[in-house]
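In: Here's my sequence, what's the structure:
(2 chains)
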Amino acid sequence: MTGAELWTTAAVFGPLLASLVALGGRPAALKAGLLLGSVTTLAGSLGLWLQVLQHGPVRHLLGGWGAPLGIELWADGFSVVMLAVTALVGAAVSLYSLSYFGDLSTLDAETSPAGRAARYFVPLWLLLWSALNGIYLSADLFNLYVTLEILGLAAAALVTLAVTPRATVAGMRYLIVSLVGSMLFLLGVALLYTEFGTLALEELSAAAPGGPMAATSLALMTVGMAAKTALFPLHAWLPPAHAGAPAPASALLSAVVVKGSFFILVRLWFAVYGGGSEAGLVLMGGLGAAAILWGSVLALRQRSLKRVIAYSTVAQLGYMFVMFPLLAPEGLGGPDPRWSDDAWIGGILLAVSHALAKASMFMAAGNMSYAVARDGLRDISGVAHRLPMSFLAFGLGGLSLAGLPPSAGFVGKWLLLREALSAGGWFWVAIITVGGLLTIAYVLKVLRHALDREASDGDFRPVPRRMEWAALLLALASASLGVRATEVFQVLLQGGVQPWT
Amino acid sequence: MDVTPLLAWDALPLAVVLSSFVPGVMIMFLKEEQARLRNSLNMAGAVAKVALVGLMLQGVAGGASYEWALEVVPGLSLTLRGDALALLFVTLSAVLWLVTTLYAIAYLEGSANRTRFFAFFSLCVTATTGLAMAGDLFTFVFFYEALTWATYPLVVHKGTPEAIRAGRTYLYYTLGAGAILVVGAVWFQVEAGTVQFAAGGVVDATAVASGPITWAFIFAFLLIGMGVKSALFPIHGWLPTAMVAPAPVSALLHAVAVVKAGAFGITRLLHSLFGIEVAWEMGAAVAVAALAAFTIVYASVRALSQDDLKKVLAFSTVSQLSYIALGVALLDPLAHVGGLIHLVHQGIMKITLFFCAGLIAQTLGVKKISDMGGVARRMPLTMAAFTVGAVGMIGLPPVAGFISKWYLGLGALGAGQPWVIGVLLASSLLNAAYFLPILRTAYFDDPDPSWARGAEGPRPRLEADWRLVLPAVTTAVFSLAAGLLAASSWSPLGWAILIIEQGVL
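Out: Okay, the predicted model is just below:
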C-alpha cells in the first residue's frame, strides 16, 4: 500500500471503524471510538496534505479495482484542505463531547438521558465524519450520492438528539429537505449518465458537458445541493435545526456538514462543468449576496444565543457563493493575471475560516448556556467574567467572521476584494464590505450581553476545562491562519479550481 | 553588558511587538485577584519594550535598519521595518506606555475588570507598535484594524450606559472607516501593483495623470480610513464622546495609540504611498492641508464653549492633531519636520494634561472647569505639570509646542503657503483663550468648600498617590526638555531631522 493509499484509507475507513467500535455503547467504547476517529483522520489528512503538496493530486483504486466496477478515491488540494479542516474541527468537537454529555466514564448509558444522548451521538458523529471524508475523496457521482445520503441521515439524527419537541420537528424538516435534495441530485446524476455514459468526474469533465440535457442536470443537482447547503432562499430549515441540536452537534452541522454539499457544488460547477455559464454563476453569487444581507439582518433580530449563530451561518455561507461569479469573468481566474488565484484561494480560505470560527463559536455558546442552563441573550449576562476563555473564543471567532485581523477571514476577504476590484465588480465589493459590518453588529450584540455588569446571580454550573479549551483552540487556529496561510495557499493550487484541465 | 550582537538582530521589530503582546495574552488568563502578578507582567513588558526600542534607536542612529517579514500568502506579507521614521512613533508609544501603565495601575486600583483592562491595554500598544513599523500597507491595515477592536473594551470599560453609547459611536466611526480603508488599500494594490511603503512614494505620476478620477477616489478612501482615527473634520465626532473612558484610556486614545495611528497613517499615505510631489500634483495634498487647517480652527472654537475639562482637552486634541497632517501635507522639508515632531510633542503634552485631569478628578472629584477654583493650592505639582502642558499647547516657548509651531511656520513660508501662518496664529490665540482661564481659575480663585473641607484632615505627604503624580511630572519634564534641548540630536527635533537626512520619509 502506498503512502497516499494508506492516508485515504485512514481518512475514510478510520472513522467508520471507530463508529462501529462506539456502537458498543459502553463509556470505554465511546471514548475509544472518538480517539480512533480523531487520530485516523488527523493523521490521514496530514499525510495526504504532504503527499498532495509534493506530488500533486493522488488517486487510490480501492482493492485495486478501477472504474467502472471499483471504487476510486481521489484527492487534490481542495480535498485535503477540506479533510484537514474537518479533522481539526472534528477532533475538537470530539474532545468537547467527552464532557458535554457528562463525564463519560461514570455515565450510565442505559438510563440517564444524557447517557443515552452520548450513546447515540458518538457513533452517529463518527459515521457522519466518515461520510464527509468520503465526499471529499470521491471521484465519481455515484460515490458522491451514497456518501451524501449517509451524511444527510446522520446529520438529521444528530439534530433530534436534543429530544425537545422543537428539535424533533426541526430534525424532521431537515431530514425531508435533505432527502429531497439527494433525490434531485440523483435525478441530475441519472440525466448525466444517460447523456455521457459515465459517472467518473474526470471523464465527465473531459466530455465538457453542454447542451440542454447537461444544463438541466446541473440545475437539478444545484437545487438539491443548494437546499442542503441552505443557500438563500432555501435556508429556512437551517436555523431551527442548528439552533435546536445539542451544542457539539450544532458545531458540526454549521461548521462542516453544510460544507459537504458546498464542496460538491464547487466540484460540479468548476471541475466538471468548467464554470457553467456566466449567467448561472452570477445568479449563484446573487443568491449568496442575498444570503449575506438577509441572514445577517435576521441574526441581528434573534433573542437567543444559538439562533444568532445559526442565522450567521446562513449569512456566512453566502460569501462562499460570492466566490462563484468572481471565479468567472473572462475565463476562470479573472481578467488580471497578477491575481489569478485570488477568488479561489480567498473563497476557500473563507470557507475554512468559517468552519473553524463557527465550530468554536457554537462550542463557546454551548459553554455559556451550559453554565447558566439557558440560552437567551439576556440569560448570559455577565457570563464573560465567569468564562473568560469561552468569551475569548467567541470573540476571536467573531473577528474571523467579520474579516477583522488577525484571522483567516481577513486574508480571505482581502483576496476576494482584490479579485472583485480588479474585475471592476463594485457590487461584490459593496456586498463583501457591508456583510462584514453587519457581522460585527450581531457578534457585538452577543459580546455586549456577555460583558454586562449586572451579572445574573442565578445558579452557575462550572464548565469543564476541556470544553473551554476545545472552543478556544479552534478560534486560535483561525487566528493563526490570519498570519500564516501560505501552506494552505500552496496546497490549494495543487489541482486548483479545475483539477482536470 | 555588550549589546553589539543584538544591534544587528533583524527580528528586533518583532521582539518590540511581542514585548507587549505576550504579557497581554498572559494577563488575559489571569484571575482578577492576581493583581501583583498582573502588574509585574505589565511593567516587565513595558520596561522590556523601552529597552528593545532603545537598542533599535542606537542601531538606527548608527545607520542600521531592521526588517522582519512573515509571508501570509504569496504576495502578501506581514512586514515590520524599523527605520528612523517608524522609530519616532515607536519610541513615543513605548515610553508613554511605560508611564501610562504605572499611572493606570494606581488609577484603577480596587476597581472591577482590571484583568480585561490591562490585557486589552497591552494589545492596543501591540497593534500601535505594529502599525508604526509596518513596512507595507497590508501590514499597516492589519494592525490598524486590530487596534480598532482592541480599543473598544477600554472605551466601554466603565460599563455605564454613557460609556456603552460612546463605545458604539466609536465603533460606528472607526469600523465604518476601517471598511472603507480596506477597500481603498486593496484598490491601491490593484492599481499600483504593490503595497510597499517606500520613501518618495510608489505611485507613478504618469499613471495618476492617465486615471485621475480613480486615483482621487483611492486617495479619498484611504484618507477617510486614516482620517477618522486622526479625528479630521468632519469625522472627528467620536473622539470628544469617547472621553467618558477612564483617564488612562484617554491618555492612550489621545497620545499613545489611536489618534497617533491616524496621523501616522496620513503621513504614510502622503509620503510612503503617493509621494508628496505626486500628491501635490493631483491636488490631494492641498485638500488634506485645507481640511487640516479648517479642523485646527474649528475644534479650537468648539473647545471654547466647553465646561467639562476632559472635553476641552478632547477638542484640543482634534485641533492639535491636524497640525501633524498640515505639516506633512505641505511641500517643504521644514514643514515635514514640524509635522513629525508634533507627533511626539502633542503626545507628551497632551498625555500630561490628561494625567493631570485624571489626578484632579480622582483626588478632588473635580471634573468641571468652573469647579477648579484653588486646585493649584491643594495640588501644586499637578497644576505645575498642567501648566507646562497648557503653555505648550498654546505654543509658547520654552515648551515643546513652540518648536512645532516654529518649524511649521518656517515650512509654510518655504512651501509658499503663507496663509498657514494665519491659521497657526489664530489657533494659538484660541488655545490661549481656553487654556488661560483654566489656569487663572486654578491658581487664583477660591477653593470650592466641598473638597476644601475634606482636605482639612491629615494631609497626605504627597498631594496624591505617587504613581499618579510621577507620570504627570515626568511627561511634563519631557515636554519642557523637548523644547529646551531641541538642538540635541536625541530630541524629537534632532530625530526628525535625522529622518529627513536619512531620506526615509
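In: what mean pLDDT does stretch A:9-29 have?
Out: For stretch A:9-29, mean pLDDT is 92.
In: Buried residues of stretch A:464-476, list them for me.
Out: Of all the residues in stretch A:464-476, those buried under the rule 16 or more other C-beta atoms under 10 Å in any protein chain shown are A:Pro464, A:Met467, A:Glu468, A:Trp469, A:Ala470, A:Ala471, A:Leu472, A:Leu473, A:Leu474, A:Ala475, A:Leu476. The way it works is simple: take the backbone N, C-alpha and C, and place the C-beta from them, glycine included.
In: Residue numbers of the stretch 301-450 of chain A in contact with chain B?
Out: Contact residues (C-beta under 8 Å from any C-beta of the partner chain) of the stretch 301-450 of chain A with chain B: A:336, A:338-339, A:345, A:385, A:388-389, A:392, A:399, A:404-406, A:410-411, A:413-415, A:417-418, A:421-422, A:429, A:433, A:436-437, A:440, A:444, A:448.
In: at 6 Å instead, please
Out: A:Leu404, A:Pro405, A:Val411, A:Leu417, A:Arg418, A:Leu421, A:Ser422, A:Thr433, A:Leu437, A:Ile440 (C-beta under 6 Å from any C-beta of the partner chain).
In: Now for chain B, the helix or strand with the poorest mean pLDDT.
Out: Ranked by mean pLDDT, DSSP states H and E, the helix or strand of chain B with the weakest confidence is helix B:449-454, at a mean of 60.
In: just so I have it, where are all the strands in the chain?
Out: By default, I'm working from chain A. Along chain A, counting by DSSP state E, strands occupy A:58-61, A:72-75.
In: please go with chain B instead
Out: Going by DSSP E, chain B shows strands at B:66-73, B:76-82.
In: what's around B:Thr387, how many residues?
Out: Other residues near B:Thr387 number 21, with proximity taken as other C-beta atoms under 10 Å in any protein chain shown.
In: any idea how far the closest residue to it other than its chain neighbours is from B:Leu353?
Out: Spatial nearest neighbour of B:Thr387, chain neighbours left out: B:Leu439 (6.0 Å); criterion: C-beta to C-beta, 6 or more residues apart in numbering or on different chains. B:Leu439 sits at a distance of 12 Å from B:Leu353 (criterion: C-beta to C-beta, to the nearest Å).
In: repeat for B:Val366
Out: Distance, B:Val366 to B:Leu353, using C-beta to C-beta: 15 Å.
In: try A:Leu141
Out: From A:Leu141 over to B:Leu353 (counting by C-beta to C-beta), the distance is 72 Å.
In: ditto for B:Thr126
Out: 25 Å.
In: Looking at the two, which is more packed in?
Out: B:Leu353 (33 against 29).
In: for B:Met282, phi and psi?
Out: phi -80, psi 0 (degrees, to the nearest 10).
In: May I have the residues that are in contact with the closest residue to B:Leu137 other than its chain neighbours?
Out: Leaving aside its chain neighbours, B:Leu137 sits nearest to B:Val195 (4.0 Å; criterion: C-beta to C-beta, 6+ apart). Listed by C-beta atoms under 6 Å, 6 or more residues apart in numbering or on different chains, the contact partners of B:Val195 are B:Asp136, B:Leu137, B:Phe138, B:Gln189.
In: which of the residues you listed count as buried?
Out: B:Asp136, B:Leu137, B:Phe138, B:Gln189.
In: For the first one, which residues count as its bridge partners?
Out: For B:Asp136, the residues forming beta bridges with it (DSSP bridges) are B:Gln196.
In: pretty sure it contacts B:Ala192?
Out: No - assessed by C-beta atoms under 6 Å, B:Asp136 is found out of contact with B:Ala192, at 11.3 Å.
In: which residues does A:Ser360 contact?
Out: By C-beta under 6 Å, 6+ apart, A:Ser360 lies in contact with A:Ala393, A:Gly397, A:Ala471, A:Leu474, A:Ala475.
In: And A:Asp405, how close does it get to A:Gly436?
Out: If you look again at residue A:405, you'll see it is Pro, not Asp. 12 Å.
In: higher neighbour count, those two?
Out: A:Pro405 (29 against 24).
In: Quick check: the more buried one touching B:Tyr144?
Out: No - the pair A:Pro405 and B:Tyr144 fails to qualify as a contact (C-beta under 6 Å) at a distance of 8.8 Å.
In: Show me which of the contacts of B:Val195 is closest to B:Met28.
Out: Nearest to B:Met28, judged by C-beta to C-beta, of the contacts of B:Val195 is B:Phe138 at 26.3 Å.
In: Which ones among the contacts of A:Ser360 map onto helices?
Out: A:Ala393, A:Gly397, A:Ala471, A:Leu474, A:Ala475 (DSSP state H).
In: what's the spacing between the fourth one and A:Tyr136?
Out: Okay, so that is A:Leu474. 19 Å.
In: ok, now the first one?
Out: Look at A:Ala393 and A:Tyr136: by C-beta to C-beta, they are 26 Å apart.
In: what does the lowest-mean-pLDDT helix or strand in chain A rub up against?
Out: Here the helix or strand of chain A ranked lowest by mean pLDDT, DSSP H and E is helix A:383-386, holding a mean of 82. With contact meaning C-beta under 6 Å, 6+ apart, helix A:383-386 is reached by A:Met368, A:Phe391, A:Ala450, A:Leu451.
In: buried sites along it?
Out: Buried residues in helix A:383-386 (16+ other C-beta under 10 Å): A:Val383, A:Ala384, A:His385, A:Arg386.
In: Give me the pLDDT for residue 270.
Out: Going with chain A. pLDDT, A:Phe270: 91.
In: not what I meant, chain B
Out: 94.
In: One more: the one 3 residues further on?
Out: We note a pLDDT of 94 for B:Leu273 in this prediction.
In: What is the neighbour count of it?
Out: Counted with other C-beta under 10 Å, residues neighbouring B:Leu273 total 27.
In: give me every residue that touches it.
Out: So B:Leu273 contacts B:Gly201 (C-beta under 6 Å, 6+ apart).
In: let's see 10 Å
Out: B:136-137, B:140, B:185, B:188, B:192, B:194-198, B:201-203, B:218-219, B:222, B:265, B:279 (C-beta atoms under 10 Å, 6 or more residues apart in numbering or on different chains).
In: Buried members of the residues you listed into ChimeraX, please.
Out: Restricted to buried positions by 16+ other C-beta under 10 Å, the ChimeraX selection for the contacts of B:Leu273 reads:
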select /B:136,137,140,185,188,192,195,196,197,201,202,203,218,219,222,265,279
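In: In helices only, show me the contacts of B:Leu273.
Out: In this view, the contacts of B:Leu273 that belong to helices under DSSP H are B:Leu137, B:Phe140, B:Ala185, B:Phe188, B:Ala192, B:Ile218, B:Phe219, B:Leu222, B:Gly265, B:Ala279.
In: For the first one, give its distance to B:Ala261.
Out: In this structure, B:Leu137 lies at 14 Å from B:Ala261, with C-beta to C-beta as the measure.
In: Need the overlap of contacts for these two.
Out: B:Tyr144.
In: Quick check: the closest residue to B:Ala376 other than its chain neighbours vs B:Ala119, distance?
Out: Sequence neighbours aside, B:Met383 is the residue nearest to B:Ala376 in space, at 3.9 Å (criterion: C-beta to C-beta, 6+ apart). B:Met383 is 34 Å from B:Ala119, where distance means C-beta to C-beta.
In: B:Pro240: what's it in contact with?
Out: For B:Pro240, the contact set (C-beta under 10 Å, 6+ apart) comprises B:166, B:169, B:231, B:299, B:302-303, B:306, B:308, B:310-315, B:317-318.
In: Just the buried ones from these?
Out: Neighbour counting with 16+ other C-beta under 10 Å marks B:166, B:169, B:231, B:299, B:302-303, B:306, B:308, B:310-315, B:317-318 as buried within the contacts of B:Pro240.
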